[in-house]
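Engineer: From the sequence below, what's the structure:
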Amino acid sequence: MCAIEMGFLMIDFQDSHFVPLVSTNLPLPRYGASVALAATILIILVSVLCTYTRRETVSGQVIGKSGLLQIHSATSGYIALITVKSLQKVKKGDLLLRIDTDHGADGRPHVTAQVSEEMRSQMTEITKSIDSQRKLEITQVHQLEAKITSIEDDIRSNKNLQSTYLEQIKNLNSEYRRRLSGASEGFDTAERADEALDSLYSAVERFQELEKEHDDLTHDETDAKIQIDETKHEVDLKLQTLEKSFHNIGSQFLQSEASRITEIFAPYDGVVTAVGAQAGSWIDSSTPIITLDTAPGERIIELYATSKSIGFLVPGTRVNLRFDAYPYEKYGQLGGTVMGYDISSGRVADTAHAENFDPSDHQQLYVIRVRPDKQWIRAGTSRTIQVGMIVQSQILEEKRRLIEWAVEPLLLPSVN
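Structural biologist: Next comes the predicted model:
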């Protein structure tokens, strides 16, 4: 019975003369006692008639209806490479990660790892030598080609000079014959004929020098071309030797890596819903590394809770679902129905919700499966809920009257 109903009842009593009207000159202590009595009665009525339901907020995620496939490593080791991230689609056979199995938990490499590192260093040095030889070949060949170009220019100039001197020799020879004939007939002097002969000899001598220079230039050009071929051949031999060494060491390196590197591939098509480790972290065979939804389609919700949250939970219980991607204050909540729950197989540690649980609390974790009323949420337009989305939900645990909550500490058994 609420306070308003009590007030009307007292008025009815007064009208029926069961209760006399309170005089305004009533002493103050008596008036205060009446108010206290009425308040006490009201508190008792509220405590007896009103109830309170305890709620607990739990976290979870969207998964495929068929469930999730957990991918483990068959061996322990360090994760050398992870190629996927949460909500990424993968196809069967895609590389998911590489695991270095030749390091201890303390991070120290085993013998095989040390050998691999040495071979990796040797391969790096060989690669540098190969690059150096190729650069040296390019430099030397460019220098020789530039020399050949210069020699060819000199040869062209030499030929032009030879042509000039050859024409000059013809003219000087004609002049000498003309002056010699004139001297014999008395038209010219022998001295001028001798001067023409000297000029002719000088031109012939210079022409012969040009011919010798041409031969030398041609020889130099031939030598430069031979040097180019020899340089290329020499570098090719060195490169073949280096590449052979690189190939041999590379084969040994691959064998060494194959003995200590484990590669894990996607067994089915699907969507990655969680990645439980990162590159450089240590894992063992019990660690779920990647969680894969292998049959995308209808979505359900997995909520992760401790045992105290499921005491009053039964299939068919209605819950409200709040998606972190769509703040409920703006986009509202999505209803759902509890399908059931099971003891967790350890997947909680592989989700983004592990930090919501106290690691010192050793209670068993449970996975609560909820079927949402709809596969979409209204956010401007209808947006399909996606695998891996984070979900919050409130679970109704226990309903009691307020007075039961108040006296509960008094009813607890005492500890001797």
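Engineer: after the longest strand anywhere in the chain, next one along is what?
Structural biologist: Ranked by number of residues, the top strand in the chain under DSSP state E is strand 51-64. Next along the chain after strand 51-64, taking DSSP states H and E as the criterion, comes strand 69-72.
Engineer: sec struct for Val84, please.
Structural biologist: Judged by DSSP: H, G, I helix; E, B strand; the rest coil, the three-state class of Val84 is coil.
Engineer: hang on, isn't it packed against Ile290?
Structural biologist: Yes - when contacts are counted by CB atoms under 8 Å, Val84 is listed as touching Ile290 (6.8 Å). Placement of C-beta: from N, CA and C, glycine included.
Engineer: okay, and the common contacts of these two?
Structural biologist: By CB atoms under 8 Å, 6 or more residues apart in numbering, Val84 and Ile290 have these common neighbours: 96-97, 272, 275.
Engineer: In contact with the nearest residue to Thr317 once chain neighbours are set aside, which residues?
Structural biologist: Distance criterion CB to CB, 6 or more residues apart in numbering; nearest residue to Thr317, sequence neighbours excluded, is Val338 at 4.2 Å. Counting by CB under 8 Å, 6+ apart, Val338 touches 313-319, 368-370.
Engineer: do Gly182 as well
Structural biologist: By CB under 8 Å, 6+ apart, the contact set of Gly182 is 188, 193.
Engineer: where do the helices sit along the stretch 101-250 of the chain?
Structural biologist: Using DSSP state H, counting those that start in this stretch, the helices found in the stretch 101-250 of the chain span residues 111-185, 190-260.
Engineer: could you dump the ones you listed to JSON lines with distance to Val391 and mean pLDDT?
Structural biologist: Listed next are the helices of the stretch 101-250 of the chain as JSON lines, based on distance: least, CB to CB, whole Å; pLDDT from 0 to 100:
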{"stretch": "helix 111-185", "distance to Val391": "43", "mean pLDDT": "88"}
{"stretch": "helix 190-260", "distance to Val391": "41", "mean pLDDT": "88"}
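Engineer: Give me the mean pLDDT for stretch 279-290.
Structural biologist: For stretch 279-290, mean pLDDT is 81.
Engineer: Kindly apply the preceding question to stretch 89-104 instead.
Structural biologist: For stretch 89-104, the mean pLDDT works out to 82.
Engineer: same deal with stretch 33-49?
Structural biologist: 74.
Engineer: Any stretches of the stretch 301-416 of the chain with poor pLDDT?
Structural biologist: Residue ranges of the stretch 301-416 of the chain with pLDDT under 70: 345-363, 397-416.
Engineer: ok, and for the helix or strand hosting the residue nearest to Thr317, which residues are buried?
Structural biologist: Element membership of Val338 [criterion: DSSP H and E] is strand 334-343. Within strand 334-343, the residues scored as buried using 16 or more other CB atoms under 10 Å are 334, 336, 338, 341.
Engineer: Within its sheet, name the partner strands of that strand and how each one runs.
Structural biologist: strand 318-323 (antiparallel), strand 365-372 (antiparallel) (DSSP bridges).
Engineer: what's the burial count for Thr241?
Structural biologist: 13 (other CB atoms under 10 Å).
Engineer: Could you list the domains of this structure?
Structural biologist: Here the domain parsing of the chain from automatic domain parsing is 3-49, 54-67+295-416, 111-261.
Engineer: now for these, which one comes closest to Tyr78?
Structural biologist: Counting by CB to CB, Tyr78 lies closest to domain 111-261 out of these; the figure is 9.9 Å.
Engineer: returning to what we had before: okay, the shared contacts of Val84 and Ile290 in TSV with secondary structure next?
Structural biologist: Listed next are the shared contacts of Val84 and Ile290 as TSV, based on three-state DSSP:
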residue	secondary structure
Leu96	strand
Leu97	strand
Val272	strand
Val275	strand
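Engineer: Arg192: which of the residues you listed is nearest?
Structural biologist: Nearest member of the shared contacts of Val84 and Ile290 to Arg192, counting by CB to CB, is Leu97, at 102.5 Å.
Engineer: re the thing from before, may I have the strands that pair with the longest strand of the chain, each with its orientation?
Structural biologist: By DSSP bridges, strand 51-64 pairs with strand 299-306 (antiparallel), strand 390-401 (antiparallel).
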